[in-house]
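Enquirer: Need coordinates for the below:
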Amino acid sequence: MRHEIVLQDPAAGAHFFHSRSEGNNVTPHWHHSLEILYLRSGSLRVEYPDHSETVAAGEFALINSCTVHAVVSKPNDALVLQIPDELFSGQVENYELLMFTLPPPGSKGEAGNKREAIREILDQMLDLCDERPEGYLLAFKSLLYRLLYLLVRDFAVRKVRVEYEHSLRHLDRLQQIIGCIEANYNRRIRVRDIAAMLGYSEDYLSKMFRRQTGIGIVDYL
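Expert: The predicted model follows:
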């Protein structure tokens, strides 16, 4: 598990790439970016602590910033787009309180039309990513900002600030635990050792780790 540092393309304002994978597993992690995985072929599964989401060809998943998740993929062809919080926060007041939710695939009516509008923008981004014509970054940035606008307008809900701050405290504690494990990976560290180092009870440590990641700390060790 890791806190992922997203490399930003300074010209585009976001990190994006066309991924062609033979299938792999990405262990639980999180990052300070909104992430969109858009599949042109193949499939993958995004696993959260309390549920999972399967993404089929022609569909996309949206992963909110600071959300712990893992990815299990079969062979696929995908666009990966990671939009750092800083890009939003300079444009949207109290962006940190926004959470994005999408209607499910196959939605009809207005919800389906809104989802299709996002997919069309992602198609255009993928074409630009592959072809890279002269001045393509100008076109890409215009699509990026259009995408951000539609997400904020059509798919954002506001969290209560106390819930946001509570979530950050749990991520800070999770980062402490992971850091302690990684710093001591070369010896037979036990749950009781980690708890003692961090000043937690074994029971609290185990329950908190499972609640935040969806896996047991013993399994992780």
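Enquirer: so the residue lying closest to residue 36 once chain neighbours are set aside, which of the three states?
Expert: The shortest distance from residue 36 to any non-neighbouring residue, by C-beta to C-beta, 6 or more residues apart in numbering, is to residue 81 (4.4 Å). (Each C-beta comes from the backbone N, C-alpha and C, glycine too.) At residue 81 the chain is in strand, as set by DSSP: H, G, I helix; E, B strand; the rest coil.
Enquirer: Relative to residue 189, how far out is residue 81?
Expert: 37 Å (C-beta to C-beta, to the nearest Å).
Enquirer: Tell me which of the two has more neighbours.
Expert: residue 81 (24 against 15; other C-beta atoms under 10 Å).
Enquirer: Run through the bridge partners of the more buried one.
Expert: residue 16, residue 36 (DSSP bridges).
Enquirer: Isn't it up against residue 38?
Expert: Yes - counting by C-beta atoms under 8 Å, residue 81 does reach residue 38; the two are 7.3 Å apart.
Enquirer: what is in contact with these two at once?
Expert: Common neighbours of residue 81 and residue 38, using C-beta atoms under 8 Å, 6 or more residues apart in numbering, are residue 122.
Enquirer: Convert the C-alpha atoms of stretch 59-77 to CSV, please.
Expert: The C-alpha trace of stretch 59-77 is given here as CSV (Å, rounded to 0.1, in the frame of the first residue of the first chain):
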residue,chain,number,x,y,z
GLU,A,59,-16.9,2.5,-19.5
PHE,A,60,-15.0,4.5,-17.0
ALA,A,61,-14.4,4.7,-13.2
LEU,A,62,-14.0,7.9,-11.2
ILE,A,63,-11.9,7.7,-8.1
ASN,A,64,-12.1,10.6,-5.7
SER,A,65,-9.0,12.2,-4.2
CYS,A,66,-7.7,10.7,-0.9
THR,A,67,-9.8,7.5,-1.5
VAL,A,68,-8.0,4.3,-0.6
HIS,A,69,-8.3,1.8,-3.5
ALA,A,70,-6.7,-1.1,-5.3
VAL,A,71,-6.9,-2.1,-9.0
VAL,A,72,-7.0,-5.6,-10.3
SER,A,73,-6.9,-5.6,-14.1
LYS,A,74,-7.1,-8.1,-17.0
PRO,A,75,-5.5,-7.3,-20.3
ASN,A,76,-6.8,-3.9,-21.3
ASP,A,77,-6.4,-0.7,-23.2
